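1. need a structure here:
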Amino acid sequence: MTPSNVEALFTGADGTYRFARWGRPIVPVVFGVGDETLPVVKGAVEAVVATAGHRMAETDPELGANLMFFFFRDWAELPQVPNLERMIPDLGPLCARLDAAGANQYRLFRFDAAGAIRAAFVFLRMDAHLSALPADALALAQAAQVALLWSDRAFATSSPLARAGDKVVLRPEIAAVIRAAYDPVMPAHASDPSHALRLAARTGL
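-> The predicted structure follows:
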């Protein structure tokens, strides 16, 4: 991973560099799937957290759960979820915009006072495309995409995953960036592109 490669992963369409990692143990919860799918999603989160060298916990003292996955068929379903509007203001208009755009996924982050990720919401509208994906691949891709605050263009043209035999795994260069991002000497939040230089230097360590 060259510095320019790394910088592109955290530079949005507006040209702004914005990086953040989780600042607290991750506590996932999953809505809208059967019991057989729950271990797949949580296992994917555990795999990415292990790659990062980060931590998981049974509960978040402030939020209970801080990483929420929602699987559904129509954006109109989300505003009907009890209490979700309290956590995500303007949920109705947001869902209307996503529906109009034909979106099948959306991720929303919350940050603490230091700029680190404190919570994330993953919304997956199970259209024909997402429904055709193997559950393990879909779960691992989504877990990877909430491990850090990637740019809106980071995975627009390429998946964070690769195939190793009959298994799906993180692409080696993406796994390397995640590991480097959670190096204790690195900041939990950065907005200066020079941060990409430090991150790239650690992907080879």
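2. Run through this protein and note the low-pLDDT ranges.
-> Counting by pLDDT under 70, the ranges of the chain that qualify are 205.
3. contacting residues for Leu84?
-> Leu78, Leu91 (CB atoms under 8 Å, 6 or more residues apart in numbering). Bear in mind the C-beta positions are built from the backbone N, C-alpha and C, glycine included.
4. Now it. Its backbone dihedrals?
-> phi -70, psi -30 (degrees, to the nearest 10).
5. Quick check: it vs Phe70, distance?
-> For Leu84, the distance to Phe70 (CB to CB, to the nearest Å) stands at 8 Å.
6. Between the two, which contacts overlap?
-> Counting by CB under 8 Å, 6+ apart, the contacts common to Leu84 and Phe70 are Leu78.
7. for this structure, what's the longest helix?
-> Across the chain, the longest stretch assigned as helix under DSSP state H is helix 38-52.
8. Pull the number of nearby residues for Arg171.
-> 15 (other CB atoms under 10 Å).
9. Leaving out chain neighbours, which residue sits closest to Val169?
-> Ala162 (5.8 Å; CB to CB, 6 or more residues apart in numbering).
10. The strand or helix carrying the one you found: which residues count as buried?
-> Element membership of Ala162 [criterion: DSSP states H and E] is strand 161-164. Across strand 161-164, burial judged by 16 or more other CB atoms under 10 Å covers Leu161.
11. could you point out which element follows that strand?
-> strand 167-170.
12. that older thread, the residue nearest to Val169: what's it in contact with?
-> Counted by CB under 8 Å, 6+ apart, Ala162 has contacts Val168, Val169, Leu170, Arg171, Pro172.
13. Give me the outermost residue of the chain relative to its centroid.
-> Largest separation from the mean C-alpha position in the chain: Gly165, at 24.8 Å (CA atoms, centre = their mean).
14. List the residues that contact that one.
-> No residues are in contact with Gly165 under the rule CB under 8 Å, 6+ apart.
15. so how far is the first residue of stretch 111-125 from its last?
-> 24 Å (CA to CA, to the nearest Å).
16. Flag every buried residue along it.
-> 111-112, 115-125.
17. Give me the subset of those residues lying in helices.
-> Those of those lying in helices (DSSP H): none at all.
18. Could you dump those residues into JSON lines with distance to Pro61 added?
-> Shown next, in JSON lines, are the buried residues of stretch 111-125 (distance: CB to CB, whole Å):
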{"residue": "Phe111", "distance to Pro61": "17"}
{"residue": "Asp112", "distance to Pro61": "13"}
{"residue": "Gly115", "distance to Pro61": "20"}
{"residue": "Ala116", "distance to Pro61": "16"}
{"residue": "Ile117", "distance to Pro61": "16"}
{"residue": "Arg118", "distance to Pro61": "12"}
{"residue": "Ala119", "distance to Pro61": "13"}
{"residue": "Ala120", "distance to Pro61": "17"}
{"residue": "Phe121", "distance to Pro61": "19"}
{"residue": "Val122", "distance to Pro61": "22"}
{"residue": "Phe123", "distance to Pro61": "25"}
{"residue": "Leu124", "distance to Pro61": "27"}
{"residue": "Arg125", "distance to Pro61": "32"}
